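>>> The sequence and its predicted three-dimensional model are supplied below.
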Amino acid sequence: MNLPLLPTLSTSFIVISAIFIAIGWVLIANNKPKQHKKVMITAAVFALSFFIIYMSRTIFIGNTSFGGPEDMKIFYTVFLIFHIILATTGAVFGLVTLTLAFKRNISKHRKNWTCHKCYLVLHCYYRSCCLFITLCTV
C-alpha cells in the first residue's frame, strides 16, 4: 500500500491530538490539573503540527480537486463548505480555550469547553452525513 507522506502524517497528528484531548478530559475529571495541563499542551502541539503541514501542503502543492461523478459535486461542495466552517470554529475554540487556561481564567475556560463540546456534536453529525453520502455513491 502506497500512502502519501504529508497527508498521512498530518492526519496522524490530528488523531494523536484528539487522543491527548480525550486523555486530558479524563485527567481533569479525576482532579489532576497538572497532568491535564501537560497533556493538553501536548495535544495543542500535535494540532499545530497538523495545521502547519496542512497549510504548507495547500500553499506549495495546491488543493485536491473533486474526482467523483459530476452529479455528486454539489454535495461535495456543500460538505466542504461545512467542513471549512467547522474546522475554523474548532480552531478558534481551541485558541480561546488555551488562552483562557494560560491566563488562569478557569471559570471561562470551563464554559468555553461547553461550547467546544457543542461543536464536537455538530462535527460528528457532519462526519456521519459525509459517510452516508460516500456510501450512497459507491
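Structure received. Since this is a predicted model, take the numbers as computed values, not measurements.
>>> pLDDT of the helix or strand where H83 lies, averaged?
H83 is part of helix 73-102 when elements are defined by DSSP states H and E. Per-residue pLDDT values across helix 73-102 average out to 81.
>>> Enumerate the positions of that helix that are buried.
75-76, 79, 82, 86, 89-90, 93-94, 97-98, 100-101 (16 or more other CB atoms under 10 Å). Every C-beta, even on glycine, is put in place using the N, C-alpha and C of the backbone.
>>> try stretch 58-76
For stretch 58-76, by 16+ other CB under 10 Å, it's 75-76.
>>> From one end of it to the other, what's the distance?
Taking CA to CA, to the nearest Å, the first and last residues of stretch 58-76 lie 18 Å apart.
>>> Could you tell me how far that stretch lies from the centre of the chain?
20 Å (CA atoms, centre = their mean, to the nearest Å).
>>> just the helices in this protein please.
Using DSSP state H, the helices found in the chain span residues 5-29, 33-60, 73-102, 106-137.
>>> name the helices or strands packed onto the helix holding H83?
helix 33-60, helix 106-137 (3 or more CB pairs under 8 Å, 6 or more residues apart in numbering; DSSP states H and E).
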